[in-house]
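Engineer: coords below, sequence missing:
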């Protein structure tokens, strides 16, 4: 695929993108707080997302304590339990995963990896973070509001989300939740437009799209999807807010509550489900595609081998992105929609398995006979592949209508999506942090702590979610506060639940080790140097580490080759950086 | 900021044909859309995203209208006015549509004058556009007050399905907000043009970046979009 012959005389493409004048900070405030530097914004995004993620982690502990040892903890009553599962889900999916992958990794890596000085509109980029922070604060405020946060479940289905039986339904909870989401979407749009335009219009000389690292492809495609999927959530939130505040009936049918006929009538709860999942399903891939991209780069770098089938990997990302917009109703097989819809959406859902399988095969084939270094990023990348295949296989069960109907709303579903959308992307996030931390701080993370973190998290995650599949298969429903005296639930389920809870507590504690490692290595980590992994991509070729504002010093980098020239026969080292001037072949596509 | 520069090296290379050529063009060096500045690309992508917002609003409204079991109020009658003793259905909406479409005309002229560096004409045409926009919002306020006086509320109205009022206030309200933001945006850019910021390369207050006359065109893109959305609202809400 890639021609790496050297010495062919070729014209260097002249610059098409003018070098921009950056805003130069004048004070500590504009340098570190109200900074327009994408790297600082990335760290702000990452820190905020991690902080709110720790809240969600603590909530998951409380959920598990109730499930494992029902009735032991007086703090957790039924209302509190529903509030915990709702906030845990929403925070993890939106405020942690989406914000960390796109706002965090996107901001840090896109400008560096495509050879730009910064995002195209740094000021809007800065606003994006501050609006995100506002969204997080509004969300956190709901914990302290009268009535507490909403307990509607992370899907916020009406009509129950705005009724008095649901915690927060008639108080502030649901209002703050919906407002927070609206604010988040506004903030995200500002950042998202920046990421997309930077990739499309602001690349370095020689950086064609088909020479971009897959990390950038993943984040780019996910951002485009987010810009098209979040509008549906925005609209759904606005309409539900009106239902709650103004008494409109977009989603509210005629309904009797506590023996009293409410003012609502004529609305459609199914409409909300359609809008929500038109956002919700692409959201799965908004989280997964950056993970796919990042893991491809981790595997290639740490196996010292070019990624197998680069072009197919790119097209698979794009096709998955496109298909994910026409599968949303597979979340709604039991909603009462027309059964023919189920047929259509089951078909499209299963078609997505094709490009996804291509990606998995290509990762495995990249590893095949590679020079695998079992570094921490590689360990996490391997854990991702295994976990993703696991979660993907149960996805085949749930994608088929007849199998899904009995499994719907059981713990099997919980196990499935935690495997595929929880554990798998989080593995990539950890791998990516171990991989890029040396570039961000100039120091390596501690290996011993890292190994403890990895093994406890990896084995622990399986200890949590493997048994959960079984719990679901015997019919234990999700979202139930307690099972009580249920005859069809065997005694073993209660023991398993206690086991899962203990595992969850241990895995949660391992994350504290990780956070400690992040803080400790900042001062005491081994000096990393500019390119500790001997990687090819541009971010490792910056003149200084960590890269200063503007990234590149005086001269912008020029790109001569794709991102995967590892172990090239005849080359003096086992990697050739993308900006290394022994020329590859210049063509309209670069890597062809 | 990324003014168009020709790339002679790219011209001399052999080009793949067909679909492969299409992909190669899109994936080409440095910029996917040649001769498109960052600001313009960003506005186009934003408008694409905004299209999805209005699309979802309109689809939600249409699904409510199609599935309702109570009669839907007749928009021709609801939006009729008595002028000089004559009963004129939809007359106000017709005038509003005319005003908004005219404003797109003056906007296009402003863009033209902007690229000719005719500061005075550009600023005046933008002000006229803003004035048209403000007139539109004013008439919408009149329409809202009239309906509210007649008893239309987000939660119900005297003539039929409650979703009529909810959809009406939500969709026209959201569109009206867009127009209002557009008017403010127009006034800001008109002031900059008038003051000659783009000739003196004065730096932006927030962004500390130099602006260019292209911002007139970018403002225009947004304005035409808001206009186009109105055509769809007009067709689907009032004419249906």
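Structural biologist: Arrived safely. Everything numeric here is computed off the predicted structure, so don't read it as measured data.
Engineer: thought residue A:160 was touching residue A:255, still the case?
Structural biologist: No - counting by CB atoms under 8 Å, residue A:255 does not reach residue A:160; the two are 9.8 Å apart. Every C-beta, even on glycine, is put in place using the N, C-alpha and C of the backbone.
Engineer: can you find the helix or strand in chain B with the smallest mean pLDDT?
Structural biologist: Within chain B, confidence by mean pLDDT, DSSP states H and E is lowest for helix B:8-12 among all helices and strands, at a mean of 54.
Engineer: helix or strand right after that one?
Structural biologist: helix B:18-26 (DSSP states H and E).
Engineer: and residue 198, how many neighbours?
Structural biologist: In the absence of a named chain, this looks at chain A. Residue A:198 has 28 neighbours, counted by other CB atoms under 10 Å in any protein chain shown.
Engineer: can you look at chain B instead?
Structural biologist: Other residues near residue B:198 come to 21 when the count uses other CB under 10 Å.
Engineer: show the pLDDT at residue A:12.
Structural biologist: Note on residue A:12: pLDDT of 68.
Engineer: same question, the one 4 residues further on
Structural biologist: Per-residue confidence (pLDDT) for residue A:16: 79.
Engineer: hmm, back to that, and residue A:255 and residue A:160? which has more neighbours close in?
Structural biologist: In terms of neighbours (other CB under 10 Å), residue A:255 is the more surrounded of residue A:255 and residue A:160; the figures are 18 against 15.
Engineer: ok, the closest residue to that one other than its chain neighbours - contacts?
Structural biologist: Among residues not flanking residue A:255 along the chain, residue A:262 sits closest, at 5.2 Å (CB to CB, 6 or more residues apart in numbering or on different chains). Counting by CB atoms under 8 Å, 6 or more residues apart in numbering or on different chains, residue A:262 makes contact with A:252, A:254, A:255, A:256.
Engineer: quick check: bridge partners of the last one?
Structural biologist: Spelled out, it's residue A:256. Per DSSP bridges, the residues bridged to residue A:256 are residue A:261.
Engineer: what's the local residue count around it?
Structural biologist: 8.
Engineer: check it and give its pLDDT.
Structural biologist: pLDDT, read off for residue A:256, is 92.
Engineer: with residue A:582 instead?
Structural biologist: So residue A:582 comes in at 68 (pLDDT).
Engineer: and for the one 4 residues further on?
Structural biologist: The predicted structure scores residue A:586 at 44 on the pLDDT scale.
Engineer: cool, and residue A:4?
Structural biologist: Predicted confidence (pLDDT) at residue A:4: the value is 42.
Engineer: what do you get for residue A:345?
Structural biologist: 95.
Engineer: surely it meets residue A:325?
Structural biologist: No - counting by CB under 8 Å, residue A:345 does not reach residue A:325; the two are 11.7 Å apart.
Engineer: those two: who's more crowded?
Structural biologist: residue A:345 (23 against 16).
Engineer: the helices in chain B, which residues?
Structural biologist: For chain B, the helices defined by DSSP state H occupy B:8-12, B:18-26, B:38-67, B:75-78, B:91-115, B:119-149, B:162-195, B:197-200, B:214-233.
Engineer: could those helices be laid out in JSON lines, adding distance to residue A:13?
Structural biologist: Shown next, in JSON lines, are the helices of chain B (distance: least, CB to CB, whole Å):
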{"stretch": "helix B:8-12", "distance to residue A:13": "5"}
{"stretch": "helix B:18-26", "distance to residue A:13": "14"}
{"stretch": "helix B:38-67", "distance to residue A:13": "19"}
{"stretch": "helix B:75-78", "distance to residue A:13": "57"}
{"stretch": "helix B:91-115", "distance to residue A:13": "28"}
{"stretch": "helix B:119-149", "distance to residue A:13": "36"}
{"stretch": "helix B:162-195", "distance to residue A:13": "34"}
{"stretch": "helix B:197-200", "distance to residue A:13": "30"}
{"stretch": "helix B:214-233", "distance to residue A:13": "24"}
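Engineer: which one of the ones you listed has the lowest average pLDDT?
Structural biologist: Looking at the helices of chain B, the bottom one is helix B:8-12 with a mean of 54.
Engineer: what's the neighbour count on residue A:29?
Structural biologist: Neighbour count of residue A:29, defined by other CB under 10 Å: 10.
Engineer: report the contact partners of it.
Structural biologist: No residues are in contact with residue A:29 under the rule CB under 8 Å, 6+ apart.
Engineer: quick one: it and chain B, what's the gap?
Structural biologist: The gap separating residue A:29 from chain B is 15 Å, by CB to the nearest CB, to the nearest Å.
Engineer: how about low-confidence regions in the stretch 351-500 of chain A?
Structural biologist: By pLDDT under 70, the stretch 351-500 of chain A contains no weakly predicted segment.
Engineer: and the residue of it nearest chain B?
Structural biologist: residue A:355 (16.6 Å; CB to the nearest CB).
Engineer: work out for me the element that residue sits within.
Structural biologist: Element membership of residue A:355 [criterion: DSSP H and E] is helix A:353-367.
Engineer: now do that helix: which elements does it pack against?
Structural biologist: Using 3 or more CB pairs under 8 Å, 6 or more residues apart in numbering or on different chains; DSSP states H and E, the elements in contact with helix A:353-367 are helix A:269-302, helix A:310-323, helix A:376-399.
Engineer: what lies in contact with that helix?
Structural biologist: Applying CB under 8 Å, 6+ apart, the contact partners of helix A:353-367 are A:292, A:295-296, A:299-300, A:303, A:305-309, A:312-313, A:315-317, A:319-320, A:323, A:385, A:388-389, A:392, A:395-396.
Engineer: go again with 7 Å.
Structural biologist: Residues from elsewhere that reach helix A:353-367, judged by CB atoms under 7 Å, 6 or more residues apart in numbering or on different chains: A:292, A:295-296, A:299-300, A:303, A:305, A:307-309, A:312-313, A:316, A:319-320, A:385, A:389, A:392, A:396.
Engineer: go on, stretch A:323-339?
Structural biologist: Against stretch A:323-339 from outside (CB under 7 Å, 6+ apart): A:225, A:270, A:273, A:277-278, A:280-282, A:285, A:341-342, A:345-346, A:348-349, A:351-352, A:399, A:401, A:404-405, A:408.
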